[in-house]
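Undergrad: Here is the input, now give the coordinates:
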Amino acid sequence: METELILKLILLWVIGVVTGVINTLAGGGSLLTLPMLIFLGLPPSVANGTNRIAILIQSVVTNFGFRSKGVKTMPFSIYFGISATLGAILGAQLAIEIDGELFNKILAVIMIIVVAYLVLNRKPKIDYAFEKVKGKSLWTSIILFFFVGIYGGFIQAGVGFLMLLVLAGINNFTLVKSNAIKIVVTGIYTVFAVFIFVINDKMNWEYGLILAFGNALGGWFTSRWSVSKGDGVVKISLVIMVVIMAIKLWFFTD
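TA: This is a model prediction of the structure:
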């Protein structure tokens, strides 16, 4: 029995490493971790809370990975993080009122729109030296991050896709910098989510910390690697994960 438990924990750590890579490059890693935690015997609500421990720790470690390569996120990560947190508070309240299956199908459509934007956008190559970080562009993103936060509070999986669409599409950040900002914003509002799950006793700390160690390791190395590879590898990874998640949400909602 003890050997079986050790094997399960090792598998959970491996899944954590893979998830850290996926979340750092694109998003959607919770599609792996949530089923795994439920498979290990956790109730869905506890699995959801336990998963947030890994997300929070991964966000902190991955942020340091990006910073070690010179990618700076301030002050925009703070602006967007505050806005997303306010939305996440509302999203957590709405979670008990909105039909989950309908919400998943709506999100699947959004994911396809993301892919279409990335693949079919044939505008001239963007000069990322001209980031749109003032006035209308800044306030538009702040408002949109409030709605992104609502989704993040409702369910974590896939929120990174929406953040990348806003950051790259509106603020003209590179995908690498967008990923770095996404990580910080996720960490900020996840503090709130973790607090809610803790006070409601919806955490398995043993599984959560092991998963977090894997997430952090995968996130640290991937953040540094993605900076050296540039936007190309991030874009390919993003398209692949968006397609997978859209199919999952539309056809496999149970």
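
Undergrad: When you work out contacts or count neighbours from here on, use the C-alpha atoms and nothing else.
TA: Noted.

Undergrad: Do a quick rundown of the helices in the stretch 1-150 of the chain.
TA: Secondary structure of the stretch 1-150 of the chain (DSSP state H, counting those that start in this stretch): helices located at 2-25, 30-39, 44-68, 76-94, 100-120, 135-154.

Undergrad: Quick one: distance of the last one to the chain centre.
TA: Centroid separation for helix 135-154 versus its chain: 15 Å, with Cα atoms, centre = their mean, to the nearest Å.

Undergrad: residues in contact with that helix?
TA: Defining contact as Cα atoms under 8 Å, 6 or more residues apart in numbering, one finds that helix 135-154 is touched by 79-81, 83-95, 132, 159, 162-163, 166-167, 170-171, 189, 193.

Undergrad: Just give the closest residue to Val198, not the sequence neighbours.
TA: Gly49 (7.7 Å; Cα to Cα, 6 or more residues apart in numbering).

Undergrad: so who does that neighbour touch?
TA: Ala193, Val194, Phe197, Val198, Lys202, Met203.

Undergrad: before we move on, back to that, can I get the helices of the stretch 1-150 of the chain in TSV with distance to Ile183?
TA: What follows is these, written out as TSV (distance: least, Cα to Cα, whole Å):
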stretch	distance to Ile183
helix 2-25	7
helix 30-39	14
helix 44-68	5
helix 76-94	9
helix 100-120	19
helix 135-154	13
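
Undergrad: pLDDT score for Gly237?
TA: Actually, residue 237 is Ser rather than Gly. pLDDT for Ser237: 60.

Undergrad: any idea of the mean pLDDT for stretch 76-92?
TA: On average, stretch 76-92 scores 88.

Undergrad: CA atoms only for that stretch, dumped as PDB, please.
TA: This file holds the C-alpha atoms of stretch 76-92, laid out as PDB (Å, rounded to 0.1, in the frame of the first residue of the first chain):
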ATOM      1  CA  PHE A  76       1.200  46.500 -15.800                       C
ATOM      2  CA  SER A  77       1.000  43.200 -13.900                       C
ATOM      3  CA  ILE A  78      -0.100  45.100 -10.800                       C
ATOM      4  CA  TYR A  79      -2.800  47.100 -12.700                       C
ATOM      5  CA  PHE A  80      -4.200  44.000 -14.400                       C
ATOM      6  CA  GLY A  81      -3.800  41.900 -11.300                       C
ATOM      7  CA  ILE A  82      -5.900  44.200  -9.100                       C
ATOM      8  CA  SER A  83      -8.600  44.300 -11.800                       C
ATOM      9  CA  ALA A  84      -8.600  40.500 -12.300                       C
ATOM     10  CA  THR A  85      -8.800  40.000  -8.500                       C
ATOM     11  CA  LEU A  86     -12.000  42.100  -8.300                       C
ATOM     12  CA  GLY A  87     -13.400  40.000 -11.100                       C
ATOM     13  CA  ALA A  88     -12.300  36.800  -9.500                       C
ATOM     14  CA  ILE A  89     -14.300  37.700  -6.300                       C
ATOM     15  CA  LEU A  90     -17.400  38.100  -8.400                       C
ATOM     16  CA  GLY A  91     -16.600  34.900 -10.400                       C
ATOM     17  CA  ALA A  92     -16.400  32.800  -7.300                       C
END
